[in-house]
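> sequence first, predicted coordinates after that:
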Amino acid sequence: MNGPALKRTLFLAVAAGCLCFLASPLQAAKKSITIGHPACLSGKYAKAGEQAVGGIKACITWVNEVYGGVNLGGEKLPLEYKYYDCESNKEAVTSLTGRLITVDKVDVVFAPYSSGLTLRGAPIAESKRMLYMDHGGANNKIFQQGFKYVVQTIGPASSYHQGTLDMIKAVAPEATKAALAYEDSEFARMVMEGAEAYAEKLGFEIVFKRTYPKGVTDMTPLLSALKTKEADFILGGGHYEDGQLFIRQMADLGLDVKAVSLIASATLPAFYDALTHMAEGVMGPSHWEYGVTYSEQGAQAAGTTWIGPSQDEFVELFKEAVGSDMIPDYHAAEAGAQVLAYVLGVEKAQSLDQAAVRNALGQLEFMSFYGGWDIDETGLQIGHTMVDIQWQDGQRVIVWPEKAQTGQVVYPMPTFEEKASGTVARN
């Protein structure tokens with residue numbers, strides 16, 4: 001059976017036996033729909049958790065006040081939000097997920113931030129046959145466990161550099177040689193495996209492939225070996241510190257390539273603050289960036305459904321939700337977009353039955369301010385494209401995909417010698 005057929009038939013046996021596509025008298029009597037969330041409001045993921053809660057609140061406000069509520073059985077039901085602080089703690093995720101389902105009787109559980117915490121709560125939701133929506137866990141492993149009720153909004157690790165490769169193929173068809181240099185961590189290795197497979201699919205030759213240890217303090221041996229391969233471009237990275245070291249030591253060695261894209265570092269403002277001119281032309285993938293141009297008109301042009309606030313509306317609603325002028329980042333956007341996906345799932349199913357909504361989510365394809373949505377039969381997100389940013393004259397410019405870009409990519413990037421003499425990446 002092919003993928004689309006599997007998506008259409010997912011949970012069919014369960015759904016057929018419980019009339020789950022029809023609103024029951026119990027559902028008809030409901031006055032609201034409740035989202036439950038073991039949120040990371042303290043601990044190591046507090047910053048991402050604050051953003052996620054703000055994004056969820058922003059989109060709930062939009063659904064209730066602008067959209068008019070969730071259309072279920074001919075009535076418009078408002079969304080409510082029940083969340084607890086899991087303190088970025090695995091044990092707390094386990095207990096709070098259970099409490100939200102059994103005590104608070106929520107209608108859906110939104111997973112906490114991070115792959116590890118998401119994976120910790122998944123078996124609890126699965127055992128209760130509760131829809132469990134993942135906005136912050138990118139690890140593909142989550143969707144290799146056989147879970148039936150887990151659905152992903154964030155893009156998977158294996159796709160992080162696919163858009164970058166598409167971009168290089170489009171703007172520089174003469175580029176043929178790729179180098180891969182990633183941190184030796186589970187997440188970064190997964191990104192590398194996805195990049196390698198996709199690069200080979202597009203016809204690129206992998207001339208260098210190596211990992212470096214976590215906490216690395218000297219990348220000179222690796223970069224010196226890479227320099228001999230004369231690659232057209234480099235894909236790599238792992239975290240902020242090693243990404244900064246990567247570029248600084250490339251500059252020291254005079255290792256010039258036409259493009260370099262690093263995960264989890266190059267998109268941060270602190271990256272340019274630390275490297276200044278050395279960061280010019282460097283790129284990085286992100287799930288979402290303020291400035292993307294996804295729009296209702298773009299969805300119409302693409303022949304897909306649009307839902308939700310515009311980017312500017314989302315930003316204003318987010319600021320109201322957090323009570324400050326803080327600009328939302330991708331943690332807020334992906335969590336907010338998950339609210340919109342759930343609303344469309346309920347409306348398509350015309351039910352709050354868990355299997356029915358899960359089945360409906362598997363059939364959805366739509367666009368929001370966050371980008372596209374489409375999941376495969378395992379619940380893995382395959383419709384959301386990462387956006388690529390490039391540092392141009394000290395500014396982050398969204399250069400890919402074309403439907404979200406705010407400027408054209410500078411390819412090839414300036415050499416380190418040119419950058420040291422004042423040349424910036426500019427079209």
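In hand now; what should we look at?
> quick one: the helices in the stretch 151-300 of the chain, in order.
162-171, 186-201, 220-227, 240-253, 269-275, 296-302 (DSSP state H, counting those that start in this stretch).
> tell me what angle the fourth one forms with helix 186-201.
Comparing the axes of helix 240-253 and helix 186-201 via axes from the mean of the first three to the mean of the last three C-alpha atoms, to 10 degrees yields an angle of 50 degrees.
> what's the first helix or strand after the longest helix along the chain?
The residue-count maximum for a helix in the chain (DSSP state H) belongs to helix 330-349. Downstream of helix 330-349, the first helix or strand assigned by DSSP states H and E is helix 354-363.
> next, format the helices of the stretch 151-300 of the chain as CSV and append mean pLDDT.
Output for the helices of the stretch 151-300 of the chain, formatted as CSV (pLDDT from 0 to 100):
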stretch, mean pLDDT
helix 162-171, 97
helix 186-201, 96
helix 220-227, 98
helix 240-253, 97
helix 269-275, 95
helix 296-302, 94
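> can you tell which of those helices is closest to residue 63?
Each of the helices of the stretch 151-300 of the chain has some distance to residue 63 by C-beta to C-beta; the shortest is helix 296-302, at 16.1 Å. (Glycine included, C-beta is placed from N, CA and C.)
> and residue 294, how many neighbours?
Residues within reach of residue 294, counting by other C-beta atoms under 10 Å, total 24.
> so where's this structure uncertain?
1-28 (pLDDT under 70).
> doesn't residue 58 make contact with residue 317?
Yes - contact between residue 317 and residue 58 holds when scored by C-beta atoms under 8 Å: they sit 3.7 Å apart.
> what angle separates the longest helix of the chain from helix 354-363?
110 degrees.
> report the contact partners of the residue nearest the centre of the chain.
Centroid check for the chain by C-alpha atoms, centre = their mean gives residue 154 as the closest residue, at 3.2 Å. Going by C-beta atoms under 8 Å, 6 or more residues apart in numbering, residue 154 touches 134, 135, 136, 137, 138, 287, 334, 381, 384.
> for residue 263, see how far away the nearest residue to it once chain neighbours are set aside is.
Once flanking residues are discounted, residue 154 sits nearest to residue 334: 4.9 Å by C-beta to C-beta, 6 or more residues apart in numbering. Distance from residue 334 to residue 263, counting by C-beta to C-beta, to the nearest Å: 16 Å.
> ditto for residue 358
On the measure of C-beta to C-beta, residue 358 and residue 263 end up 30 Å apart.
> ok so, going back, my guess is the residue nearest to residue 154 contacts residue 153, does it?
Yes - when contacts are counted by C-beta under 8 Å, residue 334 is listed as touching residue 153 (5.4 Å).
> shared neighbours, these two?
Common neighbours of residue 334 and residue 153 (C-beta under 8 Å, 6+ apart) are 135, 370.
> and the strands in the stretch 101-250 of the chain?
Using DSSP state E, counting those that start in this stretch, the strands of the stretch 101-250 of the chain run over residues 108-110, 132-134, 150-152, 177-183, 205-212, 233-237.
> okay, the ones you listed in JSON lines with distance to residue 99 and mean neighbour count next?
Shown next, in JSON lines, are these (distance: least, C-beta to C-beta, whole Å; neighbours: other C-beta atoms under 10 Å):
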{"stretch": "strand 108-110", "distance to residue 99": "10", "mean neighbour count": "28"}
{"stretch": "strand 132-134", "distance to residue 99": "14", "mean neighbour count": "28"}
{"stretch": "strand 150-152", "distance to residue 99": "19", "mean neighbour count": "28"}
{"stretch": "strand 177-183", "distance to residue 99": "36", "mean neighbour count": "24"}
{"stretch": "strand 205-212", "distance to residue 99": "40", "mean neighbour count": "16"}
{"stretch": "strand 233-237", "distance to residue 99": "38", "mean neighbour count": "27"}
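> as JSON lines, those with distance to residue 94 would be great.
Putting the strands of the stretch 101-250 of the chain into JSON lines (distance: least, C-beta to C-beta, whole Å) gives the following:
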{"stretch": "strand 108-110", "distance to residue 94": "12"}
{"stretch": "strand 132-134", "distance to residue 94": "13"}
{"stretch": "strand 150-152", "distance to residue 94": "15"}
{"stretch": "strand 177-183", "distance to residue 94": "29"}
{"stretch": "strand 205-212", "distance to residue 94": "32"}
{"stretch": "strand 233-237", "distance to residue 94": "32"}
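> nearest to residue 168, of those?
Of those, nearest to residue 168 by C-beta to C-beta is strand 233-237, at 6.0 Å.
> now the angle from that closest one to helix 186-201?
160 degrees.
> and strand 233-237, what does it pack onto?
With contacts defined as 3 or more C-beta pairs under 8 Å, 6 or more residues apart in numbering; DSSP states H and E, strand 233-237 has these neighbours: helix 162-171, strand 177-183, helix 186-201, helix 240-253, strand 259-263.
> hmm, back to that, and of the helices of the stretch 151-300 of the chain, who's closest to residue 146?
helix 186-201 (18.5 Å).
> I figured residue 64 hits residue 81, correct?
No - counting by C-beta under 8 Å, residue 64 sits too far from residue 81 to count as a contact (10.2 Å).
> how is this protein divided into domains?
3-155+290-373, 159-286+387-420 (automatic domain parsing).
> now the longest one, how far from the centre of its chain.
Right, domain 3-155+290-373. Distance of domain 3-155+290-373 from the chain centroid (C-alpha atoms, centre = their mean, to the nearest Å) equals 13 Å.
> do stretch 269-281 as well
23 Å.
> contacts for it?
240, 243-244, 247-248, 251, 259-260, 265-266, 282, 284, 390-394, 396, 410, 413-414, 416, 419-420, 422-425.
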